[in-house]
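S.K.: What follows is a predicted structure for the sequence shown.
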Amino acid sequence: MHHHEFLPPPQLRDAIKCFWHNRREARAQQPGFEVQPDGYAEIIFYFGELSKVHENGALQLLSSPLMMGLLNRPVNFHTENPLDIIGIRCYPWAVFDLLGLPSGKNEVQTFRHPIAGLQDILGAYIETGDIEGAMAELGRYFISAHQNIAAGSMLFKAGQAMRRANGTLPVSEVAAAAHATVRTLERNFKTSSGHTVKNVSALMRFEQVRNRLWHSPEVNLAGLAHELGYTDQSHLSREFKRFSGAPPAAFARAAKKERRMLPGYFVAFVQS
């Protein structure tokens, strides 16, 4: 598995965290991989075959491009062939405005949109190994799409405050940072992202715990709970299990094992 992230052009950084490219080789890895929740929405282009695994084990072949909204639980995917993925990691309060779409909560969804015209263009870059060229193409497209977004809006001020605090700010403090009332912020935030400030903040905080456990499985959970503003270790554990489906200690043990065994089963898209 090869994973690389690319900063978007400066004028896009209020809406897009990064562009990324991920390549999974055939035979070198098991066919299944899991995507954990985090505080972002993703626009995904893939080249190869990719299926979503349902709870009953059935496979649903996905079309490209697709969108992964904010997840509240892990999602499993399946591929048996080489697979290239290009992703656009967006802030959830910006992604629907960026695309000019109504907000929604679906974890994985396909949609009719002019952005689908990039599929063949990006595929040509993939075929020649010109990943930098693909990223430049994305930059040009989204600079144009960014005109749909009001720069410096209340939502961006709220989102920036939430990101700086890693999701630990109470809603009232987020509203103050956005120079808005709690009621106005909540209404606009849910209209834009499909989620409440509280739910997105919880995902941001979960993301911090998940990343720390992946990179440092031996981290002290009580200390981490204090650092990230949880009431105590039990609170951290409950929230972590709610989003990941496993207690943090079990996730840490699995992370430690998988980091030794890679390539192999990979908990996909765990970012730094």
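M.R.: Here it is on my side, so go on. Quick caveat, the model's predicted, so the values are computed rather than measured.
S.K.: where do the strands sit along the protein?
M.R.: Counting by DSSP state E, the chain has strands at residues 2-6, 16-24, 32-35, 41-47, 51-53, 59-61, 66-68, 75-78, 83-90, 108-110, 266-268.
S.K.: quick one, which of these is nearest to L118?
M.R.: strand 41-47 (6.8 Å; C-beta to C-beta). Where you see a C-beta, it was placed from the backbone N, CA and C, and this is true even at glycine.
S.K.: Now tell me what touches that closest one from outside.
M.R.: If you take C-beta atoms under 8 Å, 6 or more residues apart in numbering as the criterion, strand 41-47 is touched by 62, 64-70, 83-92, 95, 99, 115, 118-119, 122-123, 126, 193, 269.
S.K.: at 7 Å what do you get?
M.R.: Outside strand 41-47, the residues that touch it by C-beta atoms under 7 Å, 6 or more residues apart in numbering are 64-70, 83-90, 92, 95, 118-119, 122-123, 126.
S.K.: That strand to strand 83-90, inter-axis angle?
M.R.: Using axes from the mean of the first three to the mean of the last three C-alpha atoms, to 10 degrees, the direction of strand 41-47 lies 160 degrees away from that of strand 83-90.
S.K.: buried set for strand 41-47?
M.R.: Under the neighbour-count criterion of 16 or more other C-beta atoms under 10 Å, strand 41-47 has A41, E42, I43, I44, F45, Y46, F47 buried.
S.K.: Check S272 and give its pLDDT.
M.R.: For S272, the model assigns a pLDDT of 36.
S.K.: How about G57?
M.R.: G57 carries a pLDDT value of 83.
S.K.: ok, now F206?
M.R.: F206 is assigned 93 on the pLDDT scale.
S.K.: Which residue comes closest to it once chain neighbours are left out?
M.R.: F243 (4.7 Å; C-beta to C-beta, 6 or more residues apart in numbering).
S.K.: do D14 as well
M.R.: F156 (5.4 Å).
S.K.: thinking again about what came up before, want to throw the strands of the chain into a markdown table with distance to S234?
M.R.: Listed next are the strands of the chain as a markdown table, based on distance: least, C-beta to C-beta, whole Å:
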| stretch | distance to S234 |
| --- | --- |
| strand 2-6 | 33 |
| strand 16-24 | 31 |
| strand 32-35 | 25 |
| strand 41-47 | 30 |
| strand 51-53 | 31 |
| strand 59-61 | 37 |
| strand 66-68 | 30 |
| strand 75-78 | 27 |
| strand 83-90 | 31 |
| strand 108-110 | 31 |
| strand 266-268 | 24 |
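S.K.: closest to G139 out of the ones you listed?
M.R.: Closest among those, using C-beta to C-beta: strand 16-24, at 7.7 Å.
S.K.: Show me what the closest one is packed against.
M.R.: With contacts taken as 3 or more C-beta pairs under 7 Å, 6 or more residues apart in numbering; DSSP states H and E, strand 16-24 sits against strand 2-6, strand 83-90, helix 131-145.
S.K.: now the second one against helix 131-145, angle please.
M.R.: Between strand 83-90 and helix 131-145, the angle formed by their directions is 30 degrees, by the same axes, to 10 degrees.
S.K.: picking up where we left off before, now for the strands of the chain, which one comes closest to Q160?
M.R.: Closest approach to Q160 among the strands of the chain is made by strand 16-24 (12.0 Å; C-beta to C-beta).
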